[in-house]
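Novice: quick one, fold the following:
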Amino acid sequence: MAITSRVTTTKAKLSSQNTAKGMIKMAAIQMASGPHVSANLSEAERLIEIAANQGAKLIALPEYFAIMGLKESDKVNAREEEGTGPIQDFLSKTAKKHKIWLIGGSVPLVSSVPNKVRNSCLVFDDKGKQVARYDKIHLFGLKLGNEHYTEEKTIEAGDTVKVIDSPFGKIGLSICYDLRFPELYRAMGEVNIIVVPSAFTDTTGKAHWESLIRARAIENLSYVIAPAQGGYHISGRETHGNSMIVDPWGVVLDRLPRGSGVVMATMNPTYQDSLRKSLPALKHRTIKVVGQQ
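Specialist: Predicted coordinates for the structure are as follows:
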């Protein structure tokens, strides 16, 4: 599959006070979602409120936050047209209510194939307006012991790298299995924050999750917000959890091993700028990635 040869940047109107120049609180929400959308949205609302009450202005939900079905096809039955539906209404209203930027880890949206969805990360600003959409590019496949996953059976892959302008700087969007493909993040250019909403299996998570998250932070000198599914699901699936926020030097600022909860950290743009000046690795690149601006 050919990925589009350009980075798509969604521009959003920045607040009158440029918060990118100051400290900003960020939050990653961890869940153990089930098959009922309404119940998952209620739990997400509870956790978002906790984060917002602690001062978070940028909050990210995990992949499949609204539905982890009994079978893979359940998310197809829950799919929504872009711009309408209970999941998107929830994201919009919640962002506006708490005056936060809210990243809906992934939402099942209608695709061009009747029996598939687009696994889409949607971003809403503090007015409740959708300002970005990223469709997961890399589809997970695993055959390891008793674990078998083939996302391509129910998901239509995206093909566009997505970076958005925000009051917190440039944010690069990705989802779960994308984490294993560093060329995607190189194609984003110099972003301030990378978001990786995920539902890593416990097996692959134990082996690689933290290493990959910290590697993406270090090689891009970027903050990484990694909200995850974490625990046992009604379907019998077990997800790794360990939601975390990592700084541009690869330091884990906060994490949550298992269960529902909130991970919080403060972004320091001055610190990030100083690291990039002290170690200008991003300026030293000599190999160009297709799609990089």
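
Novice: what's near enough to touch K57?
Specialist: 19, 24-26, 100-101, 126, 167-168 (CB atoms under 8 Å, 6 or more residues apart in numbering). Heads up, the C-betas are built off the backbone N, CA and C, glycines and all.

Novice: of all these, which comes closest to E238?
Specialist: E238 lies nearest to M26 out of the contacts of K57, by CB to CB, at 26.8 Å.

Novice: helices or strands up against the helix or strand hosting that closest one?
Specialist: Using DSSP states H and E, M26 falls within strand 24-30. Helices and strands touching strand 24-30, by 3 or more CB pairs under 8 Å, 6 or more residues apart in numbering; DSSP states H and E, are helix 37-53, strand 58-60, strand 223-226, strand 243-246, strand 261-267.

Novice: make JSON lines out of these and add mean pLDDT.
Specialist: Compiled in JSON lines, these are given as follows (pLDDT from 0 to 100):
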{"stretch": "helix 37-53", "mean pLDDT": "98"}
{"stretch": "strand 58-60", "mean pLDDT": "99"}
{"stretch": "strand 223-226", "mean pLDDT": "98"}
{"stretch": "strand 243-246", "mean pLDDT": "98"}
{"stretch": "strand 261-267", "mean pLDDT": "98"}
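
Novice: turn these into CSV, columns for mean neighbour count and distance to A157.
Specialist: Shown next, in CSV, are the helices and strands packed on strand 24-30 (neighbours: other CB atoms under 10 Å; distance: least, CB to CB, whole Å):
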stretch, mean neighbour count, distance to A157
helix 37-53, 18, 24
strand 58-60, 28, 22
strand 223-226, 29, 21
strand 243-246, 27, 25
strand 261-267, 21, 28
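
Novice: dump the contacts of K57 into a markdown table; add distance to T203 and neighbour count as well.
Specialist: Formatted as a markdown table, the contacts of K57 follow (distance: CB to CB, whole Å; neighbours: other CB atoms under 10 Å):
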| residue | distance to T203 | neighbour count |
| --- | --- | --- |
| T19 | 39 | 17 |
| I24 | 35 | 23 |
| K25 | 33 | 17 |
| M26 | 28 | 24 |
| I100 | 34 | 22 |
| W101 | 33 | 25 |
| D126 | 38 | 18 |
| P167 | 38 | 21 |
| F168 | 34 | 21 |
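
Novice: please identify which of the residues you listed is nearest to V246.
Specialist: M26 (11.0 Å).

Novice: ok, and the closest non-adjacent residue to that closest one?
Specialist: Of all residues not flanking M26 in the chain, L58 sits nearest, at 4.7 Å (CB to CB, 6 or more residues apart in numbering).

Novice: thought the one you found was touching I164?
Specialist: No: checked against CB atoms under 8 Å, the pair L58 and I164 is beyond contact range at 11.5 Å.

Novice: on that earlier part again, name the strands paired with the strand holding M26 and say parallel or antiparallel.
Specialist: strand 58-60 (parallel), strand 261-267 (antiparallel) (DSSP bridges).

Novice: so how far is A265 from the residue lying closest to G205 once chain neighbours are set aside?
Specialist: Closest residue to G205 apart from its sequence neighbours, by CB to CB, 6+ apart: H240 at 2.4 Å. Note on H240: its distance to A265, by CB to CB, to the nearest Å, is 19 Å.

Novice: would a markdown table of the helices and strands packed on strand 24-30 with distance to W209 be doable?
Specialist: Output for the helices and strands packed on strand 24-30, formatted as a markdown table (distance: least, CB to CB, whole Å):
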| stretch | distance to W209 |
| --- | --- |
| helix 37-53 | 20 |
| strand 58-60 | 16 |
| strand 223-226 | 8 |
| strand 243-246 | 9 |
| strand 261-267 | 14 |
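
Novice: tell me which of those sits nearest to P114.
Specialist: Closest among the helices and strands packed on strand 24-30, using CB to CB: helix 37-53, at 20.4 Å.

Novice: name the spans of this structure whose pLDDT lies under the cut-off.
Specialist: Along the chain, the parts satisfying pLDDT under 70 run over 1-21, 289-293.

Novice: what about the helices in the stretch 1-150 of the chain?
Specialist: 37-53, 74-77, 86-98 (DSSP state H, counting those that start in this stretch).

Novice: closest one to Q272 among these?
Specialist: Of the helices of the stretch 1-150 of the chain, nearest to Q272 by CB to CB is helix 37-53, at 21.5 Å.

Novice: what's the angle from that closest one to strand 24-30?
Specialist: Helix 37-53 runs at 150 degrees relative to strand 24-30, counting by axes from the mean of the first three to the mean of the last three CA atoms, to 10 degrees.

Novice: chain center to the helix or strand containing D273, what's the gap?
Specialist: Assigned by DSSP H and E, D273 belongs to helix 269-278. Offset of helix 269-278 from its chain centre (CA atoms, centre = their mean, to the nearest Å): 23 Å.
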